[in-house]
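Peer 1: got a predicted structure plus its sequence, pasted below:
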Amino acid sequence: MSNGTITVTQNYAHLCEARSGSNGLHDLMYSAGVESGQSWNRGALCSLNASGNLIKGCSDSAMPLFAKTASADFDVAGERGTFVDAGPACFVGTGSFELYTTEYVTTDSYAPNTKLWPGTGNDSGKVQAADANYNDGNVVGCVSEGVAADPSYGQSVLYFWTMFIPKIAMT
Amino acid sequence: MFDPETKANNAALLAALSSDDSSIQKEGRKTVREFLKIRAREDGFLREFIPEVPVTPDDLTPQVDTNRPTIVLEKEPNSAGASSMPFGRVPNDHYMDTEKYRCMFDRIMSFRYTGDVALLATYTQDLRQAFNDLMLKDILDEEDRKFLVAVDAVLGAVNTDGTTRVTNTGAYGYVTVGSLNRVSLAHARKGLGSTDQHLPTARALINCNTIWDVVALGRDTIGGDKAEQMFLNGWSKTDPLMGIEPVVTIKTDLVEDDIMYQFTSPDALGDFLVYEPLTVWTKHEAYMFEMFAYETISGMIGNDAGACKVSFTESFNGWRPSGGSSS
């Protein structure tokens, strides 16, 4: 007989919020449609594709967009017949924010001032620590405090300032 | 050149919005809000088909895995039927259950309009009308757009087998019926009745261009003096069309030419819930002001069989897939 086997995902299990820099109703935010077949958790690093739709992950030169809204949140996706069709809301990477997110590669080290790159492969949608030659990739953030336990619910979050320095294309 | 009443209204509104007294500022907002609220009942066509139902936090159904406002509603249960039995036989069992669905909310917002208060004084037009047209029209247009996007998603592609709508109701949701004439209009009226649910048609939605194809129908098609009346007066809002009153919209970007939607009564069609009614937000700092309007709503086309759509083009496809009655 099984007992206690149902796992419930709490709302705060995945998130991306501003610890500082938010200006209330004047935050630099962006919304767009979700590209077909794409899905991500709240807090994911996203970007726009050539069609102007949101995709999980960020290429070498795309503007980083940090998703405040998951692709399947009830205010952007609904059951069949729903009127809901708003595009997910994202913090724009050039905004002056200090964000905290659950969506980071947990096996990397995040000392203060570590630059952040977009994650790749299975880590697409997350941020990861950049190499020492950080211009070899798209710099999407700079670590502020680093990894810490969220003061409310204790999940691990990464504190960082948003940045955007596209990869330098060498010819 | 300057309409005295307009100038007085502008001056009063400017004074209210510019006031350092928050209670006076609130009155300014209330003036705009009251004006917008009245227009909301008259504009937009969504509320013609599904009246709004205000909801409060007490009506929300809390969810464990999200803090998004949600309301869980139930559909009418379906019974398993009855059959003839011989004496001594006991009835078969069937568990009682019914389908539930969730109404999700999102927020509709106008653009935020900003400006220097001093520049408003140079306007000669009625500012209240300008705010109304700018913000309310945009919000109601967005309501109507979302409504038809949801309806089209439920109805599926034109003349297409294998859609969810066909599976759920036994009939297509969207068919061609041929160019608009008496015969094609009659074919259109079979739409909701061709489903397994047999819901009656209550209203229709057609645009202001397509309605003129109805007006163009001659006496031999319409019969009686109606043809003459329409020739002289055009289409009247209260004129029924094949037993139903169509809503004629000027929003040709939402309802294309040669298209007609039909809807059953609201209690069998879906839901339109308003959590935060249309609200105007204003802010005034020194000489700069900003304002925008928003509302928080939820809409749901909960019944596939509650709507159908026709295109007055090509030829009549039939309402049911091959093998079912259709014409």
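Peer 2: Cool, the structure landed. Numbers count the residues shown, from 1 in each chain, chains lettered A, B, ... in the order given.

Peer 1: close to chain B: what parts of chain A are there?
Peer 2: A:8-11, A:25, A:73-86 (C-beta under 8 Å from any C-beta of the partner chain). Every residue, glycine included, has its C-beta placed from N, CA and C.

Peer 1: of the residues you listed, buried ones?
Peer 2: A:11, A:73-78, A:81-86 (16 or more other C-beta atoms under 10 Å in any protein chain shown).

Peer 1: tell me if A:F91 really is in a helix.
Peer 2: No: with DSSP: H, G, I helix; E, B strand; the rest coil as the criterion, A:F91 is located in strand rather than a helix.

Peer 1: that older thread, turn the buried ones among the residues of chain A next to chain B into JSON lines, including pLDDT and distance to B:G302.
Peer 2: Shown next, in JSON lines, are these (pLDDT from 0 to 100; distance: C-beta to C-beta, whole Å):
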{"residue": "A:N11", "pLDDT": "83", "distance to B:G302": "25"}
{"residue": "A:D73", "pLDDT": "91", "distance to B:G302": "21"}
{"residue": "A:F74", "pLDDT": "90", "distance to B:G302": "16"}
{"residue": "A:D75", "pLDDT": "91", "distance to B:G302": "19"}
{"residue": "A:V76", "pLDDT": "90", "distance to B:G302": "20"}
{"residue": "A:A77", "pLDDT": "87", "distance to B:G302": "17"}
{"residue": "A:G78", "pLDDT": "83", "distance to B:G302": "11"}
{"residue": "A:G81", "pLDDT": "92", "distance to B:G302": "6"}
{"residue": "A:T82", "pLDDT": "93", "distance to B:G302": "9"}
{"residue": "A:F83", "pLDDT": "94", "distance to B:G302": "11"}
{"residue": "A:V84", "pLDDT": "92", "distance to B:G302": "14"}
{"residue": "A:D85", "pLDDT": "88", "distance to B:G302": "16"}
{"residue": "A:A86", "pLDDT": "88", "distance to B:G302": "20"}
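
Peer 1: next step: these restricted to strands.
Peer 2: Among those, no member is found in strands (DSSP state E).

Peer 1: skipping adjacent residues, who's closest to the residue of chain A found nearest chain B in space?
Peer 2: Closest contact between chain A and chain B, by C-beta to the nearest C-beta, is at A:F83 (3.1 Å). Using C-beta to C-beta, 6 or more residues apart in numbering or on different chains and skipping the chain neighbours, the partner closest in space to A:F83 is B:G299 (3.1 Å).

Peer 1: with B:P51 instead?
Peer 2: B:P266 (6.0 Å).

Peer 1: residues near that neighbour, how many?
Peer 2: 18 (other C-beta atoms under 10 Å in any protein chain shown).

Peer 1: next: B:D257.
Peer 2: 15.

Peer 1: equivalent analysis for the one 3 residues further on, please.
Peer 2: Residues within reach of B:M260, counting by other C-beta under 10 Å, total 25.

Peer 1: tell me how far the strand or helix carrying it lies from the chain's centre.
Peer 2: B:M260 is located in strand B:259-263, with elements delineated by DSSP states H and E. How far strand B:259-263 lies from its chain's middle: 11 Å, per C-alpha atoms, centre = their mean, to the nearest Å.

Peer 1: then stretch B:95-112?
Peer 2: 15 Å.

Peer 1: same deal with stretch A:83-97?
Peer 2: That offset, for stretch A:83-97, works out to 10 Å (C-alpha atoms, centre = their mean).

Peer 1: just the buried positions in that stretch, please.
Peer 2: Neighbour-count burial for stretch A:83-97 [16+ other C-beta under 10 Å]: A:F83, A:V84, A:D85, A:A86, A:P88, A:A89, A:C90, A:F91, A:V92, A:G93, A:G95, A:F97.

Peer 1: quick check: buried residues in the helix or strand bottoming out on mean pLDDT in chain A?
Peer 2: When each helix and strand of chain A is scored by mean pLDDT, DSSP states H and E, strand A:16-20 comes last, with a mean of 93. The neighbour-count check on strand A:16-20 (16+ other C-beta under 10 Å) flags A:C16, A:E17, A:A18 as buried.
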